[in-house]
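# Sequence first, then the predicted structure:
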Amino acid sequence: MVDGGRDDVLEALHRELLEREARLRSLVEQQLERERLRDPSARPGAPTPLTEREVQILQLVVRGHTNRQIGAQLQVGAATIRNRLSRIYGKLGVMTRTHAAVRAVELGLCRVGPGEAS
């Protein structure tokens, strides 16, 4: 029975190591993606990185602003914002506004914290 307990401990340690490795791999992938989006020369053939204006739009999306509100703040029409968001979605590999916001936060392009919402 002592060996069975030891095996259980070893198995639990092995699972924990695998989970930590997966988390570390995810963090490395996120960092690489961040660098790819910020530096167009980071990888030949990589999609075009986000422009400063696109990051600015994403920050307002993350804060919950509508296209009309973003357009008013940036002094452009809501249709322009809609078009820009379509390009942003393509660059981020997402299909919705919510996914774009989540992806932007995951990549460290935008932050959400106290006093930053709306």
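On my side now, so go ahead. Numbers count the residues shown, from 1 in each chain.
# For this structure, just list every one of the strands.
Counting by DSSP state E, one finds no strands in the chain.
# Tell me the pLDDT of the residue nearest in space to the middle of it.
The centroid of the chain falls nearest to R103 when counting by C-alpha atoms, centre = their mean (2.6 Å). In this prediction, R103 carries a pLDDT score of 89.
# right, and it touches K91 too?
No: the pair R103 / K91 is not scored as a contact, 9.8 Å apart, by C-beta atoms under 8 Å. (Glycine included, C-beta is placed from N, CA and C.)
# Export stretch 14-30 to CSV, keeping only CA atoms.
Taking Å, rounded to 0.1, in the frame of the first residue of the first chain, the C-alpha atoms of stretch 14-30 are listed here in CSV:
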residue,chain,number,x,y,z
HIS,A,14,3.2,14.7,-13.0
ARG,A,15,-0.2,16.2,-13.7
GLU,A,16,0.8,19.4,-12.0
LEU,A,17,3.9,19.7,-14.1
LEU,A,18,1.9,19.1,-17.3
GLU,A,19,-0.6,21.8,-16.3
ARG,A,20,2.3,24.3,-15.5
GLU,A,21,3.9,23.5,-18.8
ALA,A,22,0.6,24.1,-20.7
ARG,A,23,0.2,27.5,-18.9
LEU,A,24,3.8,28.5,-19.7
ARG,A,25,3.3,27.5,-23.3
SER,A,26,0.2,29.6,-23.4
LEU,A,27,2.0,32.6,-22.0
VAL,A,28,4.9,32.2,-24.5
GLU,A,29,2.4,32.0,-27.3
GLN,A,30,0.6,35.2,-26.1
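# and the worst-scoring helix or strand of the chain on mean pLDDT, what does it pack onto?
Within the chain, no helix or strand scores below helix 2-38, which has a mean of 81 by mean pLDDT, DSSP states H and E. In terms of contacts (3 or more C-beta pairs under 8 Å, 6 or more residues apart in numbering; DSSP states H and E), helix 2-38 is packed against no helix or strand at all.
# So which bits of it are buried?
For helix 2-38, burial by neighbour count (16 or more other C-beta atoms under 10 Å) applies to 33, 36-37.
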